[in-house]
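Asker: The following comprises the amino acid sequence and a computationally predicted model.
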Amino acid sequence: MSDKDPGDIIATDPREKDDRRSLIVRKIWNFNPKDIFTWELAKTVAMGQFLASLICGTAVTSQYLASDYHVDAPMLQSFMGYTLLCLTYTTALLFRTGDGNMFQILKRKWWKYLLLGLVDVEANYTVVKAYQYTTLTSIQMLDCFVIPVVMVLSWWFLKTCYRPIHYISVVICLLGVGAMVGADLLAGRDQGSTSDILLGDGLVLLSASLYAVSNVCQEYTVKHLSRVEFLGMVGLFGTLISGIQLGILEHTNVANIQWDWSIAMLFAAYGLCMYTLYSCMPIVVKKTSATAVNLSLLTADLLSLFCGLFLFQYKFSCLYMVSLVIILIGFIAFNAVATTPNPAEPLGQEEGVHGNSYDTITKQEVVVTVQGEEKEEQKAGEGPGLTWRERTQDEETPAGGRSTKM
């Protein structure tokens, strides 16, 4: 008797291999670009580039504040953005009723959102701090570390299923980033400090990891709970944490700012860009995924460069256009095939807010079982034809007619 499994024998059948080849050939022959390049994909690309343009806005305003006005107050800039989120979304939660009210959310999950706010604030702070120790090239290269971390966290916690095309797309996008960094080196844009490159690179990796945690938490919250809840809680705790950190670390820098209308306008522009970015990103994350959003944001540096060609007299290189095209190709390929949660491991929702998927499945199984027993009893002649629900209510109703069931 052969030790081979029958499935192995079938898998090695030459006829089956021929059928698979013919199936692949038919798929290639029947390929229709309209099935991939849909209106939904176009909207996804457009929304991703809109987010990248908002990041470009924060970069340009920060560059103006640093180079033209010598303002070094990154925490003040973040504090303004978080304050705007708090004034709008946290206030909206305050006037909600039921489980969506701010106090009910804080009662159940205050420590979770406290940690999330801390992660988000420090992710913004550490990447700005890294510019004091390492070069722009290192930051651009190491900042891409957020993508593999997001993919691992999404696979582990959100049960996201990635296909080979997704990994290929990520590699294509990273090649585009490599072309961008090469163009920077050829154009002499290797800016930044070199006082402690190892510390600076470590801060970039830390920032990328913190951003990944924040993005995955954002994806879970907006897909299973509420976009307003996420933004309201991040705005609340982000304002508190950044305000405390601002008072401790930057009170001297803020006191030394020579305020005029141009500085105030730049701070306002930065705050509005950050506020709009945080408000719109959950919409794109809910439509796609945290990984897709981070891939689309890879073009933010290129958009900042194109603005710098006119504003800061940067040198142009054709490699920048090549990099932009490569990144967009990778982003489109990534979004052409959906990433779906693993059906074998469903992700439950928060209990007490939207219900628990496991409990829902169990209740459905109980209902099916009870209905089956009712039919068997009626066929066997047991009982006067009352349903299970009617018999239960009759048993729980005392002589006075008032049900004891709560």
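Answerer: Happy to help now that I have it.
Asker: alpha carbons only for contacts and neighbour counts from here, please
Answerer: Noted.
Asker: Residues in contact with stretch 56-73: which ones?
Answerer: 250, 253-254, 257, 263, 266-267, 269-270, 273-274, 300-301, 303-304, 307-308 (C-alpha atoms under 8 Å, 6 or more residues apart in numbering).
Asker: likewise stretch 241-250?
Answerer: 73, 75-76, 78-79, 117-118, 121.
Asker: Farthest-apart pair in these, please.
Answerer: 73 and 117 (19.4 Å; C-alpha to C-alpha).
Asker: These two: which has the busier surroundings?
Answerer: residue 117 (25 against 20; other C-alpha atoms under 10 Å).
Asker: From residue 240, how far out is the more buried one?
Answerer: Distance, residue 117 to residue 240, using C-alpha to C-alpha, to the nearest Å: 9 Å.
Asker: And residue 124, by the same measure?
Answerer: 15 Å.
Asker: so where do the helices sit in the stretch 251-400 of the chain?
Answerer: When assigned using DSSP state H, counting those that start in this stretch, the helices of the stretch 251-400 of the chain occupy the ranges 251-255, 261-287, 290-296, 300-311, 318-336, 357-380, 388-396.
Asker: Now do the contacts for the residue nearest to the spatial centre of the chain.
Answerer: Centroid check for the chain by C-alpha atoms, centre = their mean gives residue 290 as the closest residue, at 2.9 Å. Applying C-alpha under 8 Å, 6+ apart to residue 290 gives the contacts 150, 215-216, 218-219.
Asker: now, which of those lie within helices?
Answerer: 150, 215-216, 218-219 (DSSP state H).
Asker: and the two most separated of those residues?
Answerer: 150 and 218 (11.4 Å).
Asker: can I get the ones in helices among the contacts of residue 290 in a markdown table with neighbour count, distance to residue 83 and pLDDT?
Answerer: Converted to a markdown table, the ones in helices among the contacts of residue 290 look like this (neighbours: other C-alpha atoms under 10 Å; distance: C-alpha to C-alpha, whole Å; pLDDT from 0 to 100):
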| residue | neighbour count | distance to residue 83 | pLDDT |
| --- | --- | --- | --- |
| 150 | 25 | 27 | 95 |
| 215 | 26 | 20 | 95 |
| 216 | 22 | 23 | 95 |
| 218 | 25 | 19 | 94 |
| 219 | 27 | 22 | 94 |
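Asker: Can I get the residues you listed in JSON lines including distance to residue 45?
Answerer: Shown next, in JSON lines, are the ones in helices among the contacts of residue 290 (distance: C-alpha to C-alpha, whole Å):
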{"residue": "150", "distance to residue 45": "19"}
{"residue": "215", "distance to residue 45": "18"}
{"residue": "216", "distance to residue 45": "20"}
{"residue": "218", "distance to residue 45": "20"}
{"residue": "219", "distance to residue 45": "18"}
